[in-house]
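**Q** below is the structure, and that's it, no one-letter string:
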């Protein structure tokens, strides 16, 4: 089955394969993808949908001299396989293995590292302009998914690119038919026709002839737009200054290769609309592409076996709280930037559809939209991953915090996130949140505390954030009721001597284990801002050594807040947290251990400090 696939170690090998054998290669790639991802986990549906598109791009373009820039990056497994990394796919998303996203250090074919969406057009435009400035003939291609087209940055880039004459191709991988009518032979024929040199030359020649007759030229342009608008949904992109081509069947290799071959010869900004099917070629993924979007290891023949409900994850605790809170308060609304399932909002969306808002991959808009709701008396709850909140920092400061608007940020994936690696880790939020005036920042140490903190947040009339990690907590039972915590108060969880460990959020469990070994005092700080200054100062007076521990970078984080609070000569303070580097993918437990943030690492660090 893999005999043809095994001959390919680079796109140069791919381009030597006779065109009539490419459908056979596509079948082998799909078979290999399912087999490989079933053993490693990863993104499956999106990659099954881009098999033919990836083959065609590498077949026509002279990669890596021609630049391919993939948006988000979870659709690049076929790209990795065709660019010399097939044998490394068994290490996908593992410590020391290949990343689940494009990574410049990994391969010259990964021209731009990605993790967040809507960046590809900007980056590819930069590369196209660089080629133009240096007089190079290379081309730049941005491959963007339709979900990423909801991001404002994509439209900013389109607006800029359309005003330039750089040789840029934007490929819209429309993988759920959301903005397309059905495609077929007619659309494929029109795409080939409109991407051909004859059509382009005829268009330029007509404009030149008609320039002396402005009314006729305007009529001709309107007539062309009208005719194209009847068969293709390209008017918007034409208005941006692109030559729109498509939509074409993204699984028709002949149509893709012919069209891309024509486009590569054209000058200026081009836009190709390709329609693909998520999960293509694997029946189970075709039936439920969402279930097979991001998967753990599974049996390829029997598919994913749904786990029986166990102890809830923090995400599920949030989802249940949001439903319960909405039942109590008709002003509660929920907002997500395209992460309904990931943020645990499915049940809320089903129960309260009129109060549920998925704004698309538009984090900046999400926060200012929430600010507008808050201005008129609503209680907006924005469910957002820590890594994606980084994209809306200005809106948080300017539109929410300055105006003291009561927006609740439910920040998921705080801290390290395992296999998704550095681009998705929530390593910086405590640092960038605590420096903002008017903010309240909470870090729950268990599931029940998460629920109570969310309730505390929504009772405030100022902005607040509850920051919790990915996955399950320590297994503390969640109380159905809701009670607000005293703002800015920590609690002593273990009395000891000599050493006081001040734990923030997810680090409490490891701190308690270390405290038992060291006979140390352990404090659950709960609030990063406002900090329990009185408790911190008492711990400093009563102990030889204070230790702060957080799943956040040390620089500017919760430990820094403690240091600022003390500002006393003679106080010994050890700050433990994530190191000053980006941490690559791996198993979450091992990643924490490597950073010295497990119980054993905490004990070693404290003992080393005590002996100084």
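**A** Looks like it came in fine. Source: prediction; values computed, not measured.
**Q** any idea which helix or strand comes after the helix or strand containing residue 458?
**A** Secondary structure from DSSP states H and E places residue 458 in helix 447-459. Note on helix 447-459: by DSSP H and E, the next helix or strand toward the C-terminus is strand 464-467.
**Q** beyond that next one, next helix or strand please.
**A** strand 491-494.
**Q** name every strand pairing with that following strand and say which way it goes.
**A** With DSSP bridges as the test, strand 491-494 is paired with strand 521-524 (antiparallel).
**Q** next, the buried residues of the partner strand.
**A** Within strand 521-524, the residues that count as buried by 16 or more other C-beta atoms under 10 Å are 521, 522, 523, 524. For every residue, glycine as well, the C-beta is placed using N, CA and C.
**Q** which elements pack onto the helix holding residue 458?
**A** For helix 447-459, the packing partners by 3 or more C-beta pairs under 8 Å, 6 or more residues apart in numbering; DSSP states H and E come out as helix 314-328, strand 408-412, strand 440-442, strand 464-467.
**Q** to residue 138, which of those lies closest?
**A** In terms of C-beta to C-beta, the element of the helices and strands packed on helix 447-459 nearest to residue 138 is strand 408-412, at 40.1 Å.
**Q** what average pLDDT does the helix holding residue 458 get?
**A** Mean per-residue pLDDT for helix 447-459: 97.
**Q** quick one, phi psi at residue 10?
**A** phi -160, psi 170 (degrees, to the nearest 10).
**Q** can you pull the contacts of it?
**A** Residues near residue 10 by C-beta atoms under 8 Å, 6 or more residues apart in numbering: 82, 83, 84.
**Q** what of residue 557?
**A** By C-beta under 8 Å, 6+ apart, the residues touching residue 557 are 430, 431, 434, 528, 550, 575, 577.
**Q** still on that earlier bit, which pair of the buried residues of strand 521-524 spans the longest distance?
**A** Greatest spacing in the buried residues of strand 521-524, by C-beta to C-beta: 521 and 524 (11.3 Å).
**Q** anything in contact with each of those two?
**A** Common contacts of residue 521 and residue 524 (C-beta under 8 Å, 6+ apart): residue 492.
**Q** can you report phi and psi for residue 574?
**A** According to degrees, to the nearest 10, residue 574 has phi -110, psi 120.
**Q** so it touches residue 605, yeah?
**A** Yes: applying C-beta atoms under 8 Å as the test, residue 574 and residue 605 come out as touching, 6.6 Å apart.
**Q** the lengthiest strand in the chain pairs with which strands, parallel or anti?
**A** In terms of residue count, the longest strand belonging to the chain (DSSP state E) is strand 545-553. Within its sheet, strand 545-553 is paired with strand 499-503 (parallel), strand 572-578 (parallel), according to DSSP bridges.
**Q** which of the ones you listed sits closest to residue 48?
**A** Using C-beta to C-beta, those put strand 572-578 closest to residue 48, at 34.9 Å.
**Q** check which residues of the helix or strand just after the closest one are buried.
**A** Sequence order places helix 588-594 as the next helix or strand after strand 572-578, per DSSP H and E. Using 16+ other C-beta under 10 Å as the test for burial, helix 588-594 gives 588, 591, 592, 594.
**Q** do the same with stretch 2-13
**A** By neighbour count on 16+ other C-beta under 10 Å, the buried set for stretch 2-13 is 5, 8, 11.
**Q** which residue is nearest the middle of this protein?
**A** Residue closest to the mean C-alpha point of the chain, counted by C-alpha atoms, centre = their mean, is residue 116 at 4.3 Å.
**Q** isn't that one right next to residue 389, touching?
**A** No: at 11.2 Å, residue 116 does not count as touching residue 389 under the criterion of C-beta under 8 Å.
**Q** and after the helix or strand of the chain at the bottom of the mean pLDDT ranking, which helix or strand comes next?
**A** Between all helices and strands in the chain, the lowest mean by mean pLDDT, DSSP states H and E belongs to helix 214-231, at a mean of 50. With elements assigned by DSSP H and E, the helix or strand that comes after helix 214-231 is helix 235-239.
**Q** give the other helices and strands that that following helix contacts.
**A** If you count contacts as 3+ C-beta pairs under 8 Å, 6+ apart, helix 235-239 packs onto helix 214-231, strand 243-249.
**Q** for residue 357, pull up the helix or strand it's in.
**A** With DSSP H and E as the test, residue 357 turns up in strand 356-358.
**Q** the helix or strand following that strand versus strand 408-412: what angle between them?
**A** Remark: after strand 356-358, the chain's next helix or strand is helix 363-375, criterion DSSP H and E. Interaxial angle, helix 363-375 versus strand 408-412 (axes from the mean of the first three to the mean of the last three C-alpha atoms, to 10 degrees): 150 degrees.
**Q** which positions in helix 363-375 come out as buried?
**A** Using 16+ other C-beta under 10 Å as the test for burial, helix 363-375 gives 363, 364, 365, 366, 367, 368, 369, 370, 371, 373, 374.
**Q** likewise stretch 131-149?
**A** Residues of stretch 131-149 classed as buried by neighbour count (16+ other C-beta under 10 Å): 131-132, 138-149.
**Q** which single one of those is nearest to residue 451?
**A** residue 147 (30.6 Å).
**Q** mind giving me CSV with the buried residues of helix 588-594 and columns for distance to residue 260?
**A** Shown next, in CSV, are the buried residues of helix 588-594 (distance: C-beta to C-beta, whole Å):
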residue, distance to residue 260
588, 41
591, 41
592, 45
594, 44
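**Q** how about those residues in a markdown table, adding distance to residue 470 and pLDDT?
**A** Converted to a markdown table, these look like this (distance: C-beta to C-beta, whole Å; pLDDT from 0 to 100):
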| residue | distance to residue 470 | pLDDT |
| --- | --- | --- |
| 588 | 8 | 91 |
| 591 | 12 | 91 |
| 592 | 12 | 92 |
| 594 | 17 | 92 |
